[in-house]
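Peer 1: Sequence and computational prediction follow.
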Amino acid sequence: MSQTIVFTGGGSAGHVTGNLVLISKCAEENWNIHYIGSEQGIERELVQRSEAVNYHPISTGKLRRYFSWDNVKDVFRVVKGVFQSYRLMRQIKPDVVFSMGGFVSVPVVLGAKLCRIPIIIHEPDLNMGLANRIALPLANQMCTTFPETAEAKSSRYALYTGPIIRPEIRSGNTLQGLKLCGFTADRPVVLIMGGSQGAQRINQMVRSTLSELTKSFQIVHICGKGKMDETASIQGYRTFEFVGDELPNLIAMADIVVSRAGSNSMMELLTLHKPMLLIPHAYGGSVKGQVVNAQYFHKKGYASLLLEHDMTEQAFMEAMMELYQNRRTYAKAMRLHQDGEGANQIMACIREISGLWNRAIHKA
């Protein structure tokens, strides 16, 4: 008899991509797979592409760290989402719930706890996000990307597993990337990306320095949906709103990468030994997590760091030139990193926790 799992997590692509890797592994093992997410979030768009998953939308609210009248409204949305999750848990009867965090996961974790269903949470950042801090006391296990996160919690429930790396990210082809962008192999390539939603501040900086940057580099720029500038047409510059299956090829051809400091993208670039200039978020709830992530990578010698409040046109161009000139030093440091088998270790944890649940039922 196949087992049943519920995944949750959303609000950004980073809270979904790890789940998609695990969903693929669960499908290979013939699990019954369900996903509980928001009605309109990016998780619904990404997850519903998989025929192996039954998607269930619920009411959600955003977790804000500042005063807003929307916080009052969102309390009712979260409460509604808890009751919806509770009813879904009673219907689905999962053996285990796996959460990647994000505001959508809170009502799902609460609903699972009310039904006494085992819960595993995954923390991708060095510092725990607000949703996972709420979920931790309710969870049977917390898996972490960074060893320091598990050590900081000093808990038998915290387990360092390492990052969840998409297997396809290793399959990039340099020649395919050059062909896609119309670039030549005799000039260095910079890949600039601002996350799934794009980064307007980085976009503006790229466009204001483009004429100078293209004197030294070929630039491929992933700017985010709805953030294309159709007037920015120059030799050696190619822009995309969003890249899916072709992303491994773009990364493969890049000599250096400019990126936000989301854990998933950082870990993938680390695995591929791609020197990176990290520009963490300066606003919003992810500020602390991204800044700490970027500082950690900078200290390890994996990445160069440019804080947004220090980012002038001159500082931006100088940071890219410094990174390119010292790219071999950064790559050498990254080759010392052992990325491990994060996804396989988490799958072993899922099997163990769900097995404990099944044995408890049988004993009862």
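Peer 2: Structure received. Residues are numbered from 1 along each chain as shown.
Peer 1: Buried residues in stretch 243-253, which are they?
Peer 2: Going by neighbour count (16 or more other Cβ atoms under 10 Å), the buried part of stretch 243-253 is 243, 247, 248, 249, 250, 251, 252, 253. C-betas here are computed from N, CA, C, even on glycine.
Peer 1: which among those residues gets closest to residue 129?
Peer 2: residue 247 (24.2 Å; Cβ to Cβ).
Peer 1: can you tell me which residues contact the nearest residue to that closest one once chain neighbours are set aside?
Peer 2: In space, and not counting its chain neighbours, residue 247 is closest to residue 169: 7.5 Å by Cβ to Cβ, 6 or more residues apart in numbering. Counting by Cβ atoms under 8 Å, 6 or more residues apart in numbering, residue 169 touches 247, 248, 251, 268, 271, 272.
Peer 1: Quick one, grab the pLDDT at residue 169.
Peer 2: With respect to pLDDT, residue 169 scores 93.
Peer 1: Check residue 283 too.
Peer 2: 60.
Peer 1: ditto for residue 356
Peer 2: Per-residue pLDDT puts residue 356 at 58.
Peer 1: Low-confidence stretches in this structure?
Peer 2: Residue ranges of the chain with pLDDT under 70: 1, 62-73, 153-156, 195-198, 230-232, 282-288, 340, 356-364.
Peer 1: mind giving me the domain ranges of it?
Peer 2: For the chain, automatic domain parsing gives the domain ranges 4-165+340-363, 168-335.
Peer 1: All the helices of the stretch 101-250 of the chain, residue numbers only.
Peer 2: 105-114, 130-135, 147-153, 174-181, 200-213, 247-253 (DSSP state H, counting those that start in this stretch).
Peer 1: so which of these gets nearest residue 95?
Peer 2: So among the helices of the stretch 101-250 of the chain, helix 105-114 is nearest, using Cβ to Cβ, at 11.2 Å.
Peer 1: For residue 131, give me its contacts.
Peer 2: So residue 131 contacts 63, 101, 102, 103, 105, 106 (Cβ under 8 Å, 6+ apart).
Peer 1: try 6 Å this time
Peer 2: Counting by Cβ atoms under 6 Å, 6 or more residues apart in numbering, residue 131 touches 101, 102, 103, 105, 106.
Peer 1: Equivalent analysis for residue 160, please.
Peer 2: 144, 147, 150.
Peer 1: and if we set it to 8 Å?
Peer 2: With contacts defined as Cβ under 8 Å, 6+ apart, residue 160 is in contact with 143, 144, 146, 147, 149, 150, 151.
Peer 1: Which of the buried residues of stretch 243-253 sits closest to residue 122?
Peer 2: Nearest to residue 122 among these, with distances taken as Cβ to Cβ, is residue 247, at 21.8 Å.
Peer 1: what ranges do the helices span in the stretch 251-364 of the chain?
Peer 2: 263-271, 287-300, 313-325, 327-335, 342-363.
Peer 1: okay, these, which one's buried deepest?
Peer 2: helix 263-271 (a mean of 23; mean count of other Cβ atoms under 10 Å).
Peer 1: I'd like to know how far the residue nearest to residue 140 when sequence neighbours are not counted sits from residue 37.
Peer 2: Excluding the flanking residues, the one nearest residue 140 by Cβ to Cβ, 6+ apart is residue 118, at 4.7 Å. Using Cβ to Cβ, to the nearest Å, residue 118 is found at 20 Å from residue 37.
Peer 1: cool, residue 302 as well?
Peer 2: Residue 302 is 32 Å from residue 37, by Cβ to Cβ.
Peer 1: picking that back up, which single one of the contacts of residue 169 is nearest to residue 162?
Peer 2: Checking these one by one against residue 162 (Cβ to Cβ), the nearest turns out to be residue 271, at 10.1 Å.
Peer 1: Let me know the closest of the buried residues of stretch 243-253 to residue 209.
Peer 2: Of all those, residue 209 sits closest to residue 250, with 20.1 Å by Cβ to Cβ.
Peer 1: Distance-wise, check residue 146 relative to residue 266.
Peer 2: Using Cβ to Cβ, residue 146 is found at 11 Å from residue 266.
Peer 1: What of residue 165?
Peer 2: Taken as Cβ to Cβ, the span from residue 165 to residue 266 is 11 Å.
Peer 1: Same check on residue 221?
Peer 2: With Cβ to Cβ as the criterion, residue 221 and residue 266 are 19 Å apart.
Peer 1: show me the contacts for residue 92.
Peer 2: By Cβ under 8 Å, 6+ apart, the contact list for residue 92 reads 4, 6, 34.
Peer 1: so the first one bridges to which residues?
Peer 2: Just to be clear, that refers to residue 4. residue 32 (DSSP bridges).
Peer 1: burial measure for it, as a count.
Peer 2: Neighbourhood size, residue 4 [other Cβ atoms under 10 Å]: 17.
Peer 1: With the second one instead?
Peer 2: One way to gauge burial is a neighbour count; for residue 6, by other Cβ under 10 Å, it gives 27.
Peer 1: Phi and psi next, for residue 54.
Peer 2: phi -100, psi 120 (degrees, to the nearest 10).
Peer 1: what do you get for the one 5 residues further on?
Peer 2: Backbone geometry at residue 59, expressed as degrees, to the nearest 10, gives phi -80, psi 140.
Peer 1: count of neighbours near the closest residue to residue 229 other than its chain neighbours?
Peer 2: Leaving aside its chain neighbours, residue 229 sits nearest to residue 207 (6.1 Å; criterion: Cβ to Cβ, 6+ apart). Here the count is done by other Cβ under 10 Å, and residue 207 has 18 residues near it.
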